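> mind looking at a prediction? Sequence and model below.
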Amino acid sequence: MAHGFDFSITTTRFDEDYEPAASSRVTTNFANLARGEQRQQNLRRVLTMIDRRCNDLAHWDNPARDRYTVELDIVSVELQFADEGEDRAFPLLEVLEPRIVDRQTGARHQGIVGNNFSSYVRDYDFSVLLPSVNAGTPGFTVPDDFGDLHGKLFRAFLDSDVYRARFPQSPVICISVSTSRTYTRSENRHPVLGVEYEADALSLTDAYFAKMGLGARYFMPRGAVAPLAFYFRGDLLNDYSNLQLIGTIATMEAFQKIYRPEIYNANSAAGGTYRPSLTEEDFSRTQIEYDRDERSRLAVTQGRFTEEHFMTPHRDVLQQWAAGFPALVG
């Protein structure tokens, strides 16, 4: 604990029997689905959606479209402070890690960690800090240091021995494109990622992920109706195998169809110029229950929890550490 804290990793299988741990962010998509009377049916359906999309994209030598299945683990990262006390350990982030299992050969292919990225500190930044900065003021202001601490914590985790011992590659975080930006289709096409779109400017989320050391590109895979945003280190198109990229797309398309059906389950595909909107009415709902309003309310609750149990009691340690952490290059 040279810097006053260290990281630890635990994993939980995400399957139809999954039940969220007490420390899981309840706003996380997979935790939200695993509650209520329909929990097991929800989980079974989303896993079926993921498998079907995986086989649709991995169609070669797969005539019956049933060769592959995707196994998912929830990766929970905890930050542990050297000082004693009830807030010594804090749940920093959670992501999904897929494995693509070949039923024909029995091979198990390592997927890309990073799916369904969620973070308590991000909840604090977006649901507590940003609203407080803009309370009672005209316009919308984003502080220059917005996301600095979160970005440094994330980069420190990726560079840690704990991460490197567990994961062979850098993560890829795949989420929805921004409703505040306009995307234009380019001529660039990838055999798995599909057609690339370019944004008219960085969104607030793009800028936030940039402080995490992640670049952004936007692709609409074959059969999709809207581009996805991919955040990555290195070379997205060449650092990963086709099956790895398929595992990420299949997983995140399924969750986005549930969480943002107006965009990802629309009845018509994005055109050459595309502005995502959550007010569209021409879309189909999945048969999976999801409470988006509750998710927004809980983000505020969890942001305040972060303020009370992380930001406030450890402010001095975090500020001192962040001041000495290397700046991003480039």
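That came through, no problem. Numbers count the residues shown, from 1 in each chain.
> hey, where'd the strands end up in the stretch 51-200 of the chain?
Counting by DSSP state E, counting those that start in this stretch, the segments of the stretch 51-200 of the chain that form strands are 68-81, 89-102, 108-110, 115-119, 172-176, 183-190, 194-199.
> can you redo those as TSV with mean neighbour count and mean pLDDT?
To be clear about C-beta, it is placed using only N, CA and C from the backbone, and glycine gets the same treatment. Listed next are the strands of the stretch 51-200 of the chain as TSV, based on neighbours: other C-beta atoms under 10 Å; pLDDT from 0 to 100:
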stretch	mean neighbour count	mean pLDDT
strand 68-81	20	94
strand 89-102	21	94
strand 108-110	15	97
strand 115-119	24	90
strand 172-176	22	96
strand 183-190	15	98
strand 194-199	19	98
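> and those strands: which comes nearest residue 17?
Set against residue 17 and scored by C-beta to C-beta, these come closest in strand 68-81, at 12.6 Å.
> any chance of the strands of the stretch 51-200 of the chain in JSON lines, with distance to residue 264 too?
Output for those, formatted as JSON lines (distance: least, C-beta to C-beta, whole Å):
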{"stretch": "strand 68-81", "distance to residue 264": "18"}
{"stretch": "strand 89-102", "distance to residue 264": "17"}
{"stretch": "strand 108-110", "distance to residue 264": "25"}
{"stretch": "strand 115-119", "distance to residue 264": "14"}
{"stretch": "strand 172-176", "distance to residue 264": "7"}
{"stretch": "strand 183-190", "distance to residue 264": "14"}
{"stretch": "strand 194-199", "distance to residue 264": "14"}
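> of all the ones you listed, which one is nearest residue 284?
Residue 284 lies closest, by C-beta to C-beta, to one member of these: strand 172-176, at 16.9 Å.
> ok, the closest one: who's next to it in the sheet?
Within its sheet, strand 172-176 is paired with strand 228-232 (antiparallel), according to DSSP bridges.
> so the strand it pairs with versus strand 194-199, what angle?
Relative orientation of strand 228-232 versus strand 194-199 (axes from the mean of the first three to the mean of the last three C-alpha atoms, to 10 degrees): 80 degrees.
> and strand 228-232, how far from the chain's centre?
9 Å (C-alpha atoms, centre = their mean, to the nearest Å).
> do stretch 185-198 as well
The chain centre lies 21 Å from the centre of stretch 185-198; the measure is C-alpha atoms, centre = their mean.
> any stretches of the protein with poor pLDDT?
1-3, 21-37, 84-87, 289-296, 330 (pLDDT under 70).
> do a quick rundown of the helices in it.
29-33, 39-57, 120-124, 130-134, 148-158, 161-166, 204-210, 242-259, 261-264, 292-306, 315-324 (DSSP state H).
> now the one residue sitting closest to the centre of the chain. Nearest residue, chain neighbours left out?
In the chain, the centroid-proximal residue (C-alpha atoms, centre = their mean) is residue 117; its distance is 2.8 Å. Nearest residue to residue 117, sequence neighbours excluded (C-beta to C-beta, 6 or more residues apart in numbering): residue 173, at 4.5 Å.
> so what's that neighbour up against?
By C-beta atoms under 8 Å, 6 or more residues apart in numbering, the contact list for residue 173 reads 95, 114, 115, 117, 209, 214, 230, 231, 232.
> gap between the fifth one and residue 203?
Which is residue 209. Computed as C-beta to C-beta, to the nearest Å, the residue 209 to residue 203 distance reads 9 Å.
> of these two, who's got more company?
Neighbour count, other C-beta atoms under 10 Å: between residue 209 and residue 203, residue 209 has more, with 25 against 17.
> doesn't residue 83 make contact with residue 5?
No - using C-beta atoms under 8 Å, residue 5 makes no contact with residue 83, being 9.0 Å away.
> residue 46: how many residues sit nearby?
For residue 46, the count of nearby residues is 25 (other C-beta under 10 Å).
> is it in contact with residue 256, as I believe?
No - in this structure, residue 46 is not within contact of residue 256 by C-beta under 8 Å, at 11.2 Å.
> what is the nearest of the contacts of residue 173 to residue 140?
Nearest to residue 140 among those, with distances taken as C-beta to C-beta, is residue 209, at 19.1 Å.
> got the contact list for the closest one?
With contacts defined as C-beta under 8 Å, 6+ apart, the neighbours of residue 209 are 173, 216, 231.
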